[in-house]
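Enquirer: below is the sequence, then the predicted model.
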Amino acid sequence: MMTKTAWQWAAGAVLAMGSHWAGAVTTGDTYTYRFDTFFDTSTASLYDTKTLAYSVATLSITDIDGGVQLTWSEVANAFPAAASSGLTLLNALWLNGVWGTVSTSSNVTLSVTTGGSSTPILLDGGYTYNGVIRLTGSGIAEGSSATFKILGSGVSASSFASTLNVPMIQLDGAGSPYATASSAKVHFLGTLVSSPAVPEPGTMALMSVGLLAVWRGARRR
């Protein structure tokens, strides 16, 4: 028969597991997005979107000590580029989440706005954000990446990757038919493609039974 102390130990272990899988920050947890859906600027509506057969960019958000690390890349793609340059560049990233101090070790310069309501384009799909990272230099070119850190109290990958939060990026240097007379910028929405695994209730139950078996064996010894 298990003693009160044994039950307390087992219950504590199960609760600790539950706390971890219910959203505790774990260094290394990563959420990854692809960007293949964009607001179609070749139409008159700000709500029209189009999905490509390829992704123009990826974004990973990883928990690190004291905050998160973002790795943002433009992948080689066939999106139409302006004839004058033949290149497209990533130069703005909108996110919702708990923000802190933003820094980068990459060869880019930043302009960060947080704490308010940032709208990429007026009524652009109805999306608004509480922060934006803008690259004030040349941006991120195809085949290139940049890394950023956001450090501060409460900053976590899960806050930026909530199911209610959809990141948006700006691709500059777009060509026909998506460039307009006043802008060559196109905005893409992120699609979550991978996230930290969360065990199903049945798995949690099996883990709990296993813990109890280990404890009993230790007691017998």
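Expert: Looks like it arrived, so ask away.
Enquirer: surely Asn149 meets Ile64?
Expert: Actually, residue 149 is Lys rather than Asn. Yes - applying CB atoms under 8 Å as the test, Lys149 and Ile64 come out as touching, 7.1 Å apart. Where you see a C-beta, it was placed from the backbone N, CA and C, and this is true even at glycine.
Enquirer: what's across from the closest residue to Trp99 other than its chain neighbours in the sheet?
Expert: Of all residues not flanking Trp99 in the chain, Thr114 sits nearest, at 4.2 Å (CB to CB, 6 or more residues apart in numbering). Here Thr114 sits in beta bridges with Gly131, going by DSSP bridges.
Enquirer: how many other residues sit next to Thr114?
Expert: Residues near Thr114, counting by other CB atoms under 10 Å, number 18.
Enquirer: contacting residues around it?
Expert: Counting by CB atoms under 8 Å, 6 or more residues apart in numbering, Thr114 touches 99, 130-132.
Enquirer: any weak-confidence spans in the protein?
Expert: Within the chain, the segments meeting pLDDT under 70 span 1-25, 117-124, 198-221.
Enquirer: so where do the strands sit in it?
Expert: Ranges of strands in the chain, per DSSP state E, are 30-39, 49-51, 57-64, 67-74, 89-95, 101-104, 110-118, 129-135, 140-141, 144-151, 168-172, 186-194.
Enquirer: helices and strands around the longest one, which ones?
Expert: Judged by 3 or more CB pairs under 8 Å, 6 or more residues apart in numbering; DSSP states H and E, strand 30-39 is in contact with strand 49-51, strand 57-64, helix 157-160, strand 186-194.
Enquirer: let's see that with 7 Å instead.
Expert: Strand 30-39 sits against strand 49-51, strand 57-64, strand 186-194, with contacts defined as 3 or more CB pairs under 7 Å, 6 or more residues apart in numbering; DSSP states H and E.
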